[in-house]
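> just the structure for this:
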Amino acid sequence: MLAALLCVPVQAAAPGITGTHFDLSAEASRISQPDGTSVYSWGYGCRTAPAGFSPAGITGANCPSMQIPGPTLIVKQGDVITVTLTNNLPAAAGNTSILFQGFQVCAAALDQNGACPATLTGVPGLLTREATHGNTVTYSFVAATPGTHAYYSGTRGDLQIEMGLYGAIIVLPTSAPGVLALPQGCRAVAATLPDGQPDYRNAAAAYNHVSACYDREYLFQFSEMDPRIHTQAEQEATKTCTLPTGCMTVATEPYHPAYFMINGRSMPDDMDPNYSFQYPHQPYNGNPHMHPGELVLLRIIGTGRWQHPFHEHGNHVRVLARDGNLLLAKTDATKVAGPLLFTTTTTPGQTMDGIFYWTGKGLNWDVYGHKPGDGSVCIPDANGYYTADPTAPNYYEWCADHNKALEAHPFGNVGSGGPVTLPDSHILTNGAWYGGSPYLGPDATIRATSPTGTTPPSGTIANPPGSEAGFAFMWHSHNEREITTNNIFPGGMMMMMLVDPQAFVINEGN
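This next block holds a predicted model:
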């Protein structure tokens, strides 16, 4: 049974920094874990203030000099991007660098003709030009490919990526230089969505394609962490060293991660707001919300060494693209051909864009708790949904299930004669774990339970029925060990997708 949970305004979209010039640093600090551990780590951050933050409506946005993951760089397709990196890591760490996968990178600022000059910045490295301790390297590239991309250290990746040197780039599609794309059928970014809800999107579409429209977006970066490696690195960090390869002796094998993170946080920390003061070096959360019928864009990045079989309960995810490349049908480029995935298994270094969608269609019962004669309306549109009134509590209801009863003998004023007898909230065996209502929306919840509710004080939900209104779908790794925090359950790669009723405003501005 889907649980009815309290909806709280702690969600946010895909936040990041904007501009074409980014002044970043790589340095050491500490991050926290839900078990109380403070872990020595390295991360990218802002050496100077960025040009701006996105989405514009988010509050409390900041970019510290070190964060995990690194700042999300939000840029426009076709822009020339310049990133200057200062190596503020301990001298014992040696050189550091950044790889920008999927782009043609010049290790210098491009000249006035857009060409890479002969004189490059930094020093030669195995995979790219590097910054020596206390010095800088500059990278330039044209953001030619829209979509979600990863960036990470190209220097001793077994150690530096493990320590936290990774981040994301979101390239917004354009239809002309500097003009964000608006494919046919997509909604332009505005103050509000058609239903009056605030609009926190970075763009109208993930790609310049009719199938890439979306209403909300979330970025999830998956990584794991072996605290033994971090402890060794901290112990070695004070060594006097002038070698470009560093002087640290850190065993990165055998690898035994104990922390499994989404956007640098483990559950339940990932459910706190973006830019929470409790996590000064872990600014991004993982706490998706949506309304029925909304198209939710998932930007997923695999970081670290392991694959993570991440499962989104509630529906499958339709893959749009991998590594910024749309997956189009060979016979018709107007159609996308990405798979419909039960589990979006992450691959180290790879990115994926996909669409998640939920309406309640196919449940075969009325999730809004209607019954014949109650005066409710559900007139189907061409696709079978009720979309005539965006302010209605049952906006986007699947009309084929309208008035279909769930409960055989309901406690409250909802449809009866259905196939299910719900738990008795006063019986400890099951009732203490029951939220009190299986319906979506405060009006249906109150009708189903009475204004005072049915859940006893021993229950897990201690809020008034008018607040218990959302459907919670667990999103988590299907590797059971990865939903622990240092072997403590629950934790790790876990979060909840909350499908909120139309009556609730989803506040993505923190």
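
> which parts of the stretch 101-250 of the chain are helices?
157-163, 227-236 (DSSP state H, counting those that start in this stretch).

> most neighbours per residue, which of the ones you listed?
helix 157-163 (a mean of 22; mean count of other C-beta atoms under 10 Å). Where C-beta positions appear, they are placed from N, C-alpha and C, glycine not excepted.

> related to what we said a few turns ago, could you redo the helices of the stretch 101-250 of the chain as a markdown table and give each row distance to His256?
Putting those into a markdown table (distance: least, C-beta to C-beta, whole Å) gives the following:
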| stretch | distance to His256 |
| --- | --- |
| helix 157-163 | 12 |
| helix 227-236 | 7 |
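
> residue contacts, Asn167?
Check again: residue 167 is Gly, not Asn. Applying C-beta atoms under 8 Å, 6 or more residues apart in numbering to Gly167 gives the contacts 44, 69-73, 150-152, 221.

> look up how far Phe504 lies from the nearest residue to it once chain neighbours are set aside.
Nearest residue to Gly167, sequence neighbours excluded (C-beta to C-beta, 6 or more residues apart in numbering): Gly70, at 2.9 Å. Distance of Gly70 to Phe504, computed by C-beta to C-beta, to the nearest Å: 33 Å.

> of those two, who's got more company?
A count of neighbours by other C-beta atoms under 10 Å puts Gly70 above the other of Gly70 and Phe504, at 28 against 19.

> test my guess that that one contacts Ser25.
No. In this structure, Gly70 is not within contact of Ser25 by C-beta atoms under 8 Å, at 9.9 Å.

> mutual contacts of the two, please.
44-45.

> now do the contacts for the closest residue to Glu224 other than its chain neighbours.
Nearest non-adjacent residue to Glu224, counting by C-beta to C-beta, 6+ apart: Pro257, 3.8 Å away. Pro257 sits next to 224-226, 304, 306 when contact means C-beta under 8 Å, 6+ apart.

> likewise Ile170?
Contacts of Ile170 by C-beta under 8 Å, 6+ apart are 14, 16, 72-75, 147-149, 202, 219, 299.

> can you list the strands that the longest strand along the chain pairs with?
Ranked by number of residues, the top strand in the chain under DSSP state E is strand 21-32. If you go by DSSP bridges, strand 21-32 pairs up with strand 38-46 (antiparallel), strand 80-88 (parallel).

> figure out how far the last one is from the centre of its chain.
This points to strand 80-88. 25 Å (C-alpha atoms, centre = their mean, to the nearest Å).

> helices or strands next to the following helix or strand past that strand in the packing?
Sequence-wise, the next helix or strand downstream of strand 80-88 (DSSP states H and E) is strand 99-100. Judged by 3 or more C-beta pairs under 8 Å, 6 or more residues apart in numbering; DSSP states H and E, the packing partners of strand 99-100 are strand 147-152.

> quick one, strands of the stretch 101-250 of the chain?
Remark: strands assigned in the stretch 101-250 of the chain by DSSP state E, counting those that start in this stretch are 136-142, 147-152, 166-172, 174-176, 179-180, 216-225.

> and these as a markdown table, adding distance to Leu320 and mean pLDDT?
Listed next are these as a markdown table, based on distance: least, C-beta to C-beta, whole Å; pLDDT from 0 to 100:
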| stretch | distance to Leu320 | mean pLDDT |
| --- | --- | --- |
| strand 136-142 | 22 | 97 |
| strand 147-152 | 8 | 97 |
| strand 166-172 | 14 | 97 |
| strand 174-176 | 17 | 89 |
| strand 179-180 | 17 | 91 |
| strand 216-225 | 12 | 96 |
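
> kindly reformat these as JSON lines containing distance to Gly314.
Below are the strands of the stretch 101-250 of the chain laid out as JSON lines (distance: least, C-beta to C-beta, whole Å):
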{"stretch": "strand 136-142", "distance to Gly314": "37"}
{"stretch": "strand 147-152", "distance to Gly314": "22"}
{"stretch": "strand 166-172", "distance to Gly314": "24"}
{"stretch": "strand 174-176", "distance to Gly314": "33"}
{"stretch": "strand 179-180", "distance to Gly314": "30"}
{"stretch": "strand 216-225", "distance to Gly314": "14"}
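
> closest one to Val317 among these?
strand 216-225 (11.4 Å; C-beta to C-beta).

> what angle do strand 166-172 and that closest one make with each other?
Computed by axes from the mean of the first three to the mean of the last three C-alpha atoms, to 10 degrees, the angle separating strand 216-225 from strand 166-172 equals 160 degrees.

> for strand 216-225, packing partners?
strand 166-172, strand 259-262, strand 295-302, strand 308-312.

> who does it pair with, and is each partner parallel or antiparallel?
For strand 216-225, using DSSP bridges, the partner strands are strand 259-262 (antiparallel), strand 295-302 (parallel).

> contacts for the last one, please.
If you take C-beta under 8 Å, 6+ apart as the criterion, strand 295-302 is touched by 14, 148, 150, 168, 170, 206, 213-222, 288, 290, 308, 310, 312, 317, 344, 346-357.

> the same query, at a cut-off of 7 Å, please.
Contacting residues not belonging to strand 295-302 are listed as 14, 148, 150, 168, 170, 206, 213-222, 288, 290, 308, 317, 344, 346-357 [C-beta atoms under 7 Å, 6 or more residues apart in numbering].

> again, but for the first one
Contact partners of strand 259-262, identified using C-beta under 7 Å, 6+ apart, comprise 33, 220, 222-225, 227, 266, 270, 286, 477, 482, 485-486, 492-493, 495.

> how about low-confidence regions in the chain?
1-12, 425-434, 450-468, 510 (pLDDT under 70).

> let's go with 50 and repeat that
Residues of the chain meeting the criterion pLDDT under 50: 1-10, 458-460.

> next, the distance between the ends of stretch 223-232.
In stretch 223-232, first residue to last residue: 19 Å (C-alpha to C-alpha, to the nearest Å).

> ok so, going back, spit out the contact partners of the residue nearest to Gly167.
Counting by C-beta under 7 Å, 6+ apart, Gly70 has contacts 43-45, 166-167.
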